[in-house]
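Chemist: Sequence first, then the predicted structure:
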Amino acid sequence: MIEIKLQKALNGPEGPMMLSLDIAIDKGKLVTLYGPSGAGKTSTLRILSGLLKPDNGYIAVDGRIWLDTAKGIDLKPQERGIGYVFQDYALFPHLTIRQNLEFGLKKSQPREVVSELIHIMELENIQDRKPNTLSGGQQQRVALARALVQRPKLLLLDEPLSALDFGIRLKLQNYLQEVHKTYGLTTVLISHDIGEILKLSDWTFKLHHGKVIQQGNPTDVFTQSSLSGKFKFKGEVIQIQQEDVVFVVSVLIQNELVKIVAQESEVKELSIGDTVIVASKAFNPIIYKIK
Ligand SMILES: Nc1ncnc2c1ncn2[C@@H]1O[C@H](COP(=O)(O)OP(=O)(O)OP(=O)(O)O)[C@@H](O)[C@H]1O
């Protein structure tokens, strides 16, 4: 169990803002922080890792106190047993992949830890290459492996997949799920991708202006609108074509092109490049297994 109580005055996007949290995370769970830019998600991870000092705070992980400002306890980042993965992979460019992982080994650790991670993360074929010869997805796989070298108790992931293509992101999500289970991690993930959150996480905290405004099972947190019988997707208008008396609007949703029949009154306000919501009354949705 991780207990987190903290307060930190921040310069929010609209002026001074108090990040104020009192939350608990069960051991072994993967939880997500979701919320608009500037809500305080990254600051929360930085405080958990010890990189940012809160004004007041108490953090205990499995009964061990990492931070207690009232008692003057504040463990250094390297004493906290944390793996941290950022959106940019931050690998050492002059080291090979294997060397990047070995760099993180503590003196007391056997080198086999690295070989095991190379195996689990399927990095065998690229272990002797330098980071700049790898794709973004491969580099992020390495960054994830590197974060696990020291066998952290807590894995912090700050939008690690958001810079990657949709297909690669799905694959990396599978790796994430795999290592989270294999290593019995407790993981805190920041994500803006609701599909990713639904797929990966056990619990979601919705943050706004430094406060948790909603928390729960992600299906409950994100499907309130679908209880009304609707489902909806966000997409970009790619093409608008007139066909007889109706119009066909092509909308790019994720990486799929969806054609929607619309009336003249509906397309009047639309232009190519607009971001739109495609919504439907889900009277009879069809579900296909794709994997
Ligand atoms: N050390 C600091 N002192 C004061 N203000 C800070 C500090 N670090 C960050 N901030 C401000 O706190 C606010 C919240 O930042 P934070 O990075 O935590 O938001 P976020 O929810 O992660 O946003 P995003 O989704 O854009 O990454 C921002 O307005 C930021 O400028």
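Modeler: Yes, it's here. On a predicted model such as this, the values are computed, not experimentally measured, just so you know.

Chemist: buried residues in the longest strand along the chain?
Modeler: Longest strand of the chain, by residue count under DSSP state E: strand 230-243. For strand 230-243, a neighbour-count test (16 or more other Cβ atoms under 10 Å) marks 235, 237, 240 as buried. Yep, even glycine has a C-beta here, placed from its N, CA and C like the rest.

Chemist: Strand partners (parallel or antiparallel) of it?
Modeler: Next to strand 230-243 in the sheet, as set by DSSP bridges, lie strand 246-253 (antiparallel), strand 275-281 (antiparallel).

Chemist: Contacts made by the shortest one with the rest, please.
Modeler: For strand 275-281, contacts defined as Cβ atoms under 8 Å, 6 or more residues apart in numbering pick out 229-237, 251, 253, 258, 260, 270.

Chemist: One more: the first one?
Modeler: The set of residues that contact strand 246-253 without belonging to it, under Cβ under 8 Å, 6+ apart, is 233-241, 257-264, 266-267, 270, 276, 278.

Chemist: hmm, 7 Å instead?
Modeler: If you take Cβ atoms under 7 Å, 6 or more residues apart in numbering as the criterion, strand 246-253 is touched by 233, 235-241, 257-264, 267, 270, 276, 278.

Chemist: cool, stretch 196-216 as well?
Modeler: In contact with stretch 196-216 (Cβ under 7 Å, 6+ apart) are residues 10, 12, 17-21, 23, 29-36, 39-41, 161, 173, 176-177, 189, 191, 217-219, 221-222.

Chemist: out of the residues you listed, which are buried?
Modeler: 10, 17, 19-21, 23, 29-35, 39-41, 161, 173, 176, 189, 191, 218, 221-222.

Chemist: ok, which of these also contact the ligand?
Modeler: Residues shared between these and the neighbourhood of the ligand are 10, 35, 39-41 [Cβ under 6 Å from any ligand atom].

Chemist: Which two among those are spaced furthest apart?
Modeler: Leu10 and Gly35 (13.5 Å; Cβ to Cβ).

Chemist: Would you reformat the strands paired with strand 230-243 as CSV and include mean neighbour count?
Modeler: Below are the strands paired with strand 230-243 laid out as CSV (neighbours: other Cβ atoms under 10 Å):
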stretch, mean neighbour count
strand 246-253, 17
strand 275-281, 12
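
Chemist: closest one to the ligand among those?
Modeler: The ligand lies closest to strand 275-281 among the strands paired with strand 230-243, at 18.0 Å (Cβ to the nearest ligand atom).

Chemist: avg pLDDT for that closest one?
Modeler: For strand 275-281, mean pLDDT is 80.

Chemist: go on, stretch 9-19?
Modeler: For stretch 9-19, the mean confidence score works out to 92.

Chemist: Could you give the separation of that stretch from the chain centroid?
Modeler: Relative to its chain's centre, stretch 9-19 lies at 23 Å (Cα atoms, centre = their mean, to the nearest Å).

Chemist: Ends of that stretch, what's the gap?
Modeler: Chord length of stretch 9-19, first to last residue, is 6 Å (Cα to Cα, to the nearest Å).
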